[in-house]
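Undergrad: below are the sequence and a predicted model for it; my questions follow.
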Amino acid sequence: MSDNTARTIDPEEEAVLLHSIDRWIDKDVRPVVMHHDHNDEWPAKLVEQMAEMGLFGATISPEYGGLGLPATTYVKIVAKIASYWMAITGIFNSHLMLAAAVERFGTAEQKAEWLPKFASGEIRGGLALTEPNAGTDLQAIRTTAVRDGDDYVINGTKTWISNGIHGSCFALLVKTDPAAQPRHKGMSLFIAPKLSGFEVGKKIKKLGYNAIDSAELIFDNYRLPAANLIGGVEGQGFLQVAGGLELGRINVASRGVGLAEGALRHATEYATVRQTMGKPICEHQAIQLKIGEMVTRARAARLLTMDAAEAYDRGQRCDMEAGMAKYFASEAAVRNSEEAMRIFGGYGYSKEYEIERYFRDSLLMCIGEGTNEMQRIIISKQWVKRHSA
Ligand SMILES: Cc1cc2nc3c(=O)[nH]c(=O)nc-3n(C[C@H](O)[C@H](O)[C@H](O)COP(=O)(O)OP(=O)(O)OC[C@H]3O[C@@H](n4cnc5c(N)ncnc54)[C@H](O)[C@@H]3O)c2cc1C
């Protein structure tokens, strides 16, 4: 995504796009969600269809073959899909973070070489940042890249990498100068396709977020041309990763909005048909209190997320807005899915109903793209900075 480029979309064009997503969800996604989630099975056919719809290029500029969507439209698409199945949005969201790193910070040659293949979905991937000893504290990573002629030789291990098995290319964060102080000055980001020396380790079993693969990646004397160093200059990696966080947080917030709204939809449908004491449970005050809170939470989550996306589309700095959206929407997703389970009574605990998946999937939203503990610290720091005397 080009910096400071205001993006807009014709409302009719947006409506047509959102309608096509609705049709796809009804026809192709809903019938297979439970199968893929329960069996933790990669949804190959849906991935093909997402590529045909252009979702792997949703935020990539049209000059590179992408849809060039504004963040506001992207939020609506992600929330819509996530309200039926959050996990599949991770397949294109993580990929688009890789693409955004190349589009924002790559050289002209890197953009021309990689972005068209990312946009079409011919090459798909994600972000490889986290290591066994370093998640929140990314500056503590130990993977190194040592210059050797026209190449770099990379050694180390990444973990929890989304699309790690089925993806073929990653934005790989390494140390090019492990002794640098401050530590971030020794960090660089590479475009890392699967070549010799790049092995996939174990697939990680998870509570939720099934069907999308989370894996360990192992780099053993993995040799990459220097031309794959994003931006062509060492020492920029941490800033490049941080530069993508605003869009990353808006994206997780959108998934939270979808989960919160989806849980509300299921709970509402159930509460209007399930009867106790001779009336639908939605007429009991205890359930009305829950639904009232759920509706409010889902709406507030959407408004905060759209607010952050609008600021992003105007090219404004929006780390605080994106942080608030991510924090609030992810917590709304957890609370709404838990309340929906209570409204379902015993059936909420059953795998024959979908609501237990919302609960399992929602908890991840509090961790990804910066934990919610860190979000509140970031929000506070930004607030104080913007309002200091
Ligand atoms: C399903 C899943 C998919 C993922 N996908 C990817 C991916 O595609 N690519 C990738 O690179 N990573 C990915 N991750 C990793 C994720 O980004 C990290 O788990 C996350 O950043 C937290 O890091 P950690 O697990 O090492 O926890 P830690 O950093 O060890 O944190 C542990 C706890 O301490 C708190 N804490 C840490 N430091 C502070 C502090 N300074 N102040 C206050 N509290 C603090 C945290 O909030 C947390 O509660 C994924 C994780 C999961 C679970």
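TA: Yep, that arrived. Not measured: the values here are computed from a predicted model. Residues are numbered from 1 along each chain as shown.

Undergrad: wait, Cys282 touches Thr268, no?
TA: Yes - in this structure, Cys282 is within contact of Thr268 by C-beta atoms under 8 Å, at 7.4 Å. All C-beta atoms are positioned from the backbone trio N, CA, C, and that covers glycine.

Undergrad: any common contacting residues for the two?
TA: Overlap of the contact sets of Cys282 and Thr268 (by C-beta atoms under 8 Å, 6 or more residues apart in numbering) consists of Ile291.

Undergrad: comparing the two, which residue is more hemmed in?
TA: Cys282 (19 against 15; other C-beta atoms under 10 Å).

Undergrad: mind checking how far the residue nearest to the more buried one when sequence neighbours are not counted is from the ligand?
TA: The shortest distance from Cys282 to any residue other than its chain neighbours is 3.8 Å, reached at Ala271 (C-beta to C-beta, 6 or more residues apart in numbering). Separation of Ala271 from the ligand (C-beta to the nearest ligand atom, to the nearest Å) stands at 31 Å.

Undergrad: the residue in the chain positioned nearest to the ligand - how many residues pack around it?
TA: Proximity of the chain to the ligand (C-beta to the nearest ligand atom) peaks at Gly135, 1.9 Å away. Close neighbours of Gly135, defined as other C-beta under 10 Å, add up to 16.

Undergrad: could I get the contacting residues of it?
TA: Trp160.

Undergrad: got a pLDDT number for it?
TA: At Gly135, the predicted lDDT confidence score is 96.

Undergrad: what is the burial count for the residue nearest to Gly231 when sequence neighbours are not counted?
TA: With C-beta to C-beta, 6+ apart as the criterion, Gly231 has its nearest non-adjacent residue at 4.7 Å, and that residue is Phe105. Applying other C-beta under 10 Å, we find 23 residues neighbouring Phe105.

Undergrad: Phe105 touches Gly232, doesn't it?
TA: No - the pair Phe105 / Gly232 is not scored as a contact, 9.7 Å apart, by C-beta under 8 Å.

Undergrad: and the gap between Leu129 and Lys158?
TA: 7 Å (C-beta to C-beta, to the nearest Å).

Undergrad: okay, those two: which has more neighbours?
TA: A count of neighbours by other C-beta under 10 Å puts Lys158 above the other of Leu129 and Lys158, at 26 against 23.

Undergrad: okay, and the beta partners of that one?
TA: Judged by DSSP bridges, the bridge partners of Lys158 are Leu217.

Undergrad: who's in contact with Glu246?
TA: Here Glu246 is in contact with 308, 312, 317-319, 322 (C-beta under 8 Å, 6+ apart).

Undergrad: buried subset of these?
TA: The neighbour count (16 or more other C-beta atoms under 10 Å) marks 308, 312, 318-319, 322 as buried among the contacts of Glu246.

Undergrad: what residues does the stretch 101-250 of the chain put near the ligand?
TA: 126-130, 135-137, 160-162, 206, 209, 214 (C-beta under 6 Å from any ligand atom).

Undergrad: could I get the residues you listed as JSON lines with secondary structure?
TA: As requested, those are exported to JSON lines (DSSP: H, G, I helix; E, B strand; the rest coil):
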{"residue": "Gly126", "secondary structure": "strand"}
{"residue": "Leu127", "secondary structure": "strand"}
{"residue": "Ala128", "secondary structure": "strand"}
{"residue": "Leu129", "secondary structure": "coil"}
{"residue": "Thr130", "secondary structure": "coil"}
{"residue": "Gly135", "secondary structure": "coil"}
{"residue": "Thr136", "secondary structure": "coil"}
{"residue": "Asp137", "secondary structure": "coil"}
{"residue": "Trp160", "secondary structure": "strand"}
{"residue": "Ile161", "secondary structure": "strand"}
{"residue": "Ser162", "secondary structure": "strand"}
{"residue": "Lys206", "secondary structure": "coil"}
{"residue": "Tyr209", "secondary structure": "coil"}
{"residue": "Ser214", "secondary structure": "strand"}
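
Undergrad: make JSON lines out of the residues you listed and add distance to Arg299.
TA: Listed next are those as JSON lines, based on distance: C-beta to C-beta, whole Å:
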{"residue": "Gly126", "distance to Arg299": "31"}
{"residue": "Leu127", "distance to Arg299": "31"}
{"residue": "Ala128", "distance to Arg299": "36"}
{"residue": "Leu129", "distance to Arg299": "33"}
{"residue": "Thr130", "distance to Arg299": "33"}
{"residue": "Gly135", "distance to Arg299": "32"}
{"residue": "Thr136", "distance to Arg299": "30"}
{"residue": "Asp137", "distance to Arg299": "35"}
{"residue": "Trp160", "distance to Arg299": "32"}
{"residue": "Ile161", "distance to Arg299": "34"}
{"residue": "Ser162", "distance to Arg299": "29"}
{"residue": "Lys206", "distance to Arg299": "30"}
{"residue": "Tyr209", "distance to Arg299": "25"}
{"residue": "Ser214", "distance to Arg299": "31"}
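
Undergrad: cool, thanks, talk later.
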